[in-house]
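**Student:** Just need the structure, nothing else, for what follows:
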Amino acid sequence: MPKPPEIPLHNRRVGLDPLPELGRTSRECPFAETPAPGTSARAWLASGNETVRTVLGDAARFSTLPPADSKEDSRRLIQPGNLLQYDPPEHTRLRQLLTPEFTLRRMRRLEPLIADIVADRLDALELAGPPADFMRHFAWPVPGLVSCALLGIPRDDHAELARNLDVTRATNRSREQQQAAGKAYMAYMHKLIGQKRRAPGDDLLSRLIREHGDDITDDELVGTAATTMAAGFENVAGTLGLGALALMRHPDQLALFQDSPEVVDRAVEELIRYVSVIATASPRTALEDLTIEGHEVKAGETVVCSLMAVNRFEPTEPPQPSREELDITREISSHLAFGHGIHYCLGAPLTRLTLRIAFPALLARFPKLRPAVPPEELRYRTLAPNYGVDALPVTW
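**Tutor:** Predicted coordinates:
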């Protein structure tokens, strides 16, 4: 039986929490050597607040091309349309095409639709239990249906997409099964783009085709659709699941959320920060020799930036509570759950909008929401790039 891969310190958690060792590393050694991801070059872990922000904010000296032993190998690994794998000027061109589609104003047009989806899935959750699996009946379907609406995916295709995405993220499926599901998922996206080219509608992909048809390739559209769907699905579902679990583990915070509607914006931002479903940013590769925190970093070496370390262990000044605590009344301050710099998450406005609708509706429908199993029975997605919980049985 193959030995499971070792999880590096910056990706390890105990339930909802990072290991205390990450906090000590962040305070005492904010820049240190770490095992290299996907390359034979030396790698570094940035875990201090200023160090992480400096690296992520410096696109001139750090590349986000996939780590490899040569620039040519890196370019061959790029998935067309995936903004996280592009450097300027290619990144700048594609981001400028996509940014108008993700403005808060445009996202708010989806608000009634999101509210209907949330209400429908709350009905399904209630019908399934108690107890019922919160992930299966609510946390996974909500962002999946929102992403389908955003991209203009026909309702008849939802089941096929859901099956393929379920297999690609399932921890109990073989690598061969996951790869086959991934190929089917991408094949569907190619078919979808062909349909949009022939008969555009009123959705994100159709608008890109109408307004920028000659400036964006089919492969770029396919990659954009695939990454938008997968990222929104995984990140929002993970935050819904872990966020609900965090509130149930802190009944005083849950009661405050229910009794104080004016704190919703702060509460959602605090939950996003606290659970940090993406523990590390996509790796950066140094483009030149440079010195960071007294260490000589050579061109070609990889830097991994810990978003979790900054989000949970960045020092605070009284009367602000420690960032290791969950406090939904915390003043909204900068966190790195959506990244930093030119690769700041394009879908952040839609994520926030979905959570601001979903959490209040959930707690209004089920004011006595609580876990239906003891903590030790929960299975976390420890090997997935987007942290979360596989199943979350709840009762009310």
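
**Student:** State whether Val394 is indeed within a strand.
**Tutor:** Yes. According to DSSP: H, G, I helix; E, B strand; the rest coil, the state of Val394 is that of a strand.

**Student:** how close does it get to Glu270?
**Tutor:** Distance of Val394 to Glu270, given as C-beta to C-beta, to the nearest Å: 21 Å. (Each C-beta comes from the backbone N, C-alpha and C, glycine too.)

**Student:** and what of Met135?
**Tutor:** 21 Å.

**Student:** To what extent is the closest residue to Asn386 other than its chain neighbours buried, counted in neighbours?
**Tutor:** Nearest residue to Asn386, sequence neighbours excluded (C-beta to C-beta, 6 or more residues apart in numbering): Glu234, at 4.1 Å. Using other C-beta atoms under 10 Å, Glu234 has 24 neighbouring residues.

**Student:** Return the residues in contact with Glu234.
**Tutor:** 169, 277, 384, 386, 388 (C-beta atoms under 8 Å, 6 or more residues apart in numbering).

**Student:** Could you identify the helix or strand that succeeds the helix or strand harbouring Arg105?
**Tutor:** Using DSSP states H and E, Arg105 falls within helix 104-107. Using DSSP H and E, the helix or strand that follows helix 104-107 in sequence is helix 111-128.

**Student:** neighbouring contacts of that following helix?
**Tutor:** Outside helix 111-128, the residues within contact range by C-beta under 8 Å, 6+ apart are 132, 134, 136-138, 141-142, 145-146, 149, 353-354, 357-358, 361-362, 365-366.

**Student:** by contact count, what packs against the following helix or strand past that helix?
**Tutor:** On the C-terminal side of helix 111-128, the closest following helix or strand by DSSP H and E is strand 132-133. Judged by 3 or more C-beta pairs under 8 Å, 6 or more residues apart in numbering; DSSP states H and E, the packing partners of strand 132-133 are strand 393-395.

**Student:** picking up where we left off before, taking the contacts of Glu234 together, which two end up most distant?
**Tutor:** Based on C-beta to C-beta, the longest span within the contacts of Glu234 runs between Arg169 and Val277 and measures 12.6 Å.

**Student:** More neighbours: the two, which one.
**Tutor:** Legend: neighbour count by other C-beta under 10 Å for Arg169 and Val277, higher for Val277 (24 against 20).

**Student:** list the contacts for the more buried one?
**Tutor:** Val277 sits next to 234-235, 238-239, 242, 337, 386-388 when contact means C-beta under 8 Å, 6+ apart.
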